[in-house]
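Student: the following comprises the amino acid sequence and a computationally predicted model.
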Amino acid sequence: MAARASDDHGPATASLLTVIVGEEELLVERAVSAAVALATATAAGSDDGAGDGAAGTADVHDIAAAGLTAGELAALATPSLFGGASVVVIRSAQDATASLAGGLTRLARSPLPEMFLVVTHSGGAKNKALVADLVAAGARRVDCPTVKRFGDRMDFLRAEFRTAGRKADESGLRALLDAVGNDLRDLAAACSQLVADTTGVVNQAVVARYYHGRAEATGFSVADKACEGNLAEALEQLRWALATGTSPVLITSALASGLRTLGLVGSVGRGLNPNALAADLGMPPWKIDKARQQLRGWTADGLAQAHAAVAEADVQVKGEGASAAYALERAITTIVASRGAAQRAD
C-alpha cells in the first residue's frame, strides 16, 4: 500500500507546496523524501546554464513544528542572498502554535521566490483546519494512512515487489508476513533482501529457504502453540526462534497479538460467517477460523490471566529481568496453564 496523492493544481504548484497527512512512518518518510527530491530537482533545473555554482542548489531545512515560531519559519523560508532555493520541511504540524499555523498559511498563499514547503500532519483533529487551509491554498495532499488490515499489508508487499520488478504469489506473501511481522519498515527491508538475494517468483518455499527456519519458528508460531495449549511445542519453537535471532520483544508482541485475536474473535457470535466478519475485525477469514479453533477451552478469566503474564514478560525482556529467555518461558507456561485451568473448570 503506497501513499496516495491528490493533486488538482498541476506539477509546478505541487513542487512548491506539499502537505503529507497520516501516521504511517515509513510512508510519511517516503513521501517527504519524494517531495524534497522533486523540490531540489526543480531548483536545479530552473537555473540550467547559468554558470553560478550557488544558484540552482537548494538548502533543506527539516524541523519539528513544536517550539518553532512564525519568525523562525520566515527566516528558514527566505532564500540565501548568495542564490539557491530554500526547501522547508515542517514535521508534525498538528503541534504548531496558532501563530505558526497562520505563518504557514500565509506562506502557502503567497510563497516566496525559490521556496518549497513540505508539511507533515498526523491526520488527527488537532490543527486539522491547517491542513484544509494549505490544500485550499494549492498544496498537493499526500495521504499516508496507517496500514492495519491484513489485506492492506498484502497490497503493500505486492507493491514493493512490483516496484522492484519481481512477482510474489499469495503463499509467499503470507509466509513473509509470518516470518517478519507487521511492521512496514521490516517488511520493506525483507522485500529488498529477497529481491537482491533470490530469483524467480517469491513463493512460500523461497521465503522459508531464505529465512532458514525463521518462517516456521517466529514469535507468531510460538504464540500459536501457546494459545493452543501445547506447552512442549511452544517451548521448542521459542528456543528455536531465539536461536535463529528473533528478538524477545517481537515474541512478547506476538504473544500479546495472539491473545488479543482470541479476545476479538471470542467477542462475536460463533455462528457468523468469517467472510462477513473479516472487514469488521480487520483480519482475513482464515485467521478467524484458526482463532475459533484455538478458543476451545479458553474463558474470559483465563485470557485475562494470560494477558497479565505477557505484560509482565514484556517488562522483563525490555530490561527489568536478568534473562529474557526465562521470562518468556515463564509467560508461555502461564498462558498454557491459564487455558488448562479453564479446561479443568469445565
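Tutor: Here it is on my side, so go on. Residues are numbered from 1 along each chain as shown.
Student: what's the closest non-adjacent residue to the residue nearest the centre of the chain?
Tutor: The centroid of the chain falls nearest to residue 184 when counting by Cα atoms, centre = their mean (4.3 Å). In this structure, residue 184 finds its nearest non-sequential neighbour in residue 26, 4.3 Å apart by Cβ to Cβ, 6 or more residues apart in numbering. The way it works is simple: take the backbone N, C-alpha and C, and place the C-beta from them, glycine included.
Student: could you look up the SS state of that neighbour?
Tutor: Here residue 26 is helix, with the state taken from DSSP: H, G, I helix; E, B strand; the rest coil.
Student: any idea how far it is from residue 186?
Tutor: Distance, residue 26 to residue 186, using Cβ to Cβ, to the nearest Å: 10 Å.
Student: these two: who's more crowded?
Tutor: Per other Cβ atoms under 10 Å, whichever of residue 26 and residue 186 has more neighbours is residue 26, with 18 against 15.
Student: run a quick neighbour tally on the nearest residue to residue 164 once chain neighbours are set aside.
Tutor: Leaving aside its chain neighbours, residue 164 sits nearest to residue 195 (4.4 Å; criterion: Cβ to Cβ, 6+ apart). Other residues near residue 195 come to 17 when the count uses other Cβ under 10 Å.
Student: residues in contact with residue 195?
Tutor: Counting by Cβ atoms under 8 Å, 6 or more residues apart in numbering, residue 195 touches 161, 164, 165, 166.
Student: out of the residues you listed, which is most surrounded?
Tutor: Of the contacts of residue 195, with other Cβ under 10 Å as the count, residue 161 tops at 19 neighbours.
Student: was I right about that one contacting residue 193?
Tutor: No. In this structure residue 161 lies outside contact range of residue 193 using Cβ atoms under 8 Å: 12.0 Å.
Student: how many other residues sit next to the closest residue to residue 40 other than its chain neighbours?
Tutor: Using Cβ to Cβ, 6+ apart and skipping the chain neighbours, the partner closest in space to residue 40 is residue 58 (4.5 Å). A count of nearby residues for residue 58, using other Cβ under 10 Å, gives 21.
Student: any idea what residue 58 is bridged to?
Tutor: residue 85 (DSSP bridges).
Student: likewise the one 4 residues further on?
Tutor: Beta-bridge partners recorded for residue 62 (DSSP bridges): residue 89.
Student: isn't it right next to residue 86, touching?
Tutor: No. Look at residue 62 against residue 86 with Cβ under 8 Å: they stay out of range, at 12.0 Å.
Student: have a look at the two and say which one is more surrounded.
Tutor: Neighbours per residue, other Cβ under 10 Å: of residue 62 and residue 86, the larger number sits with residue 86, 22 against 13.
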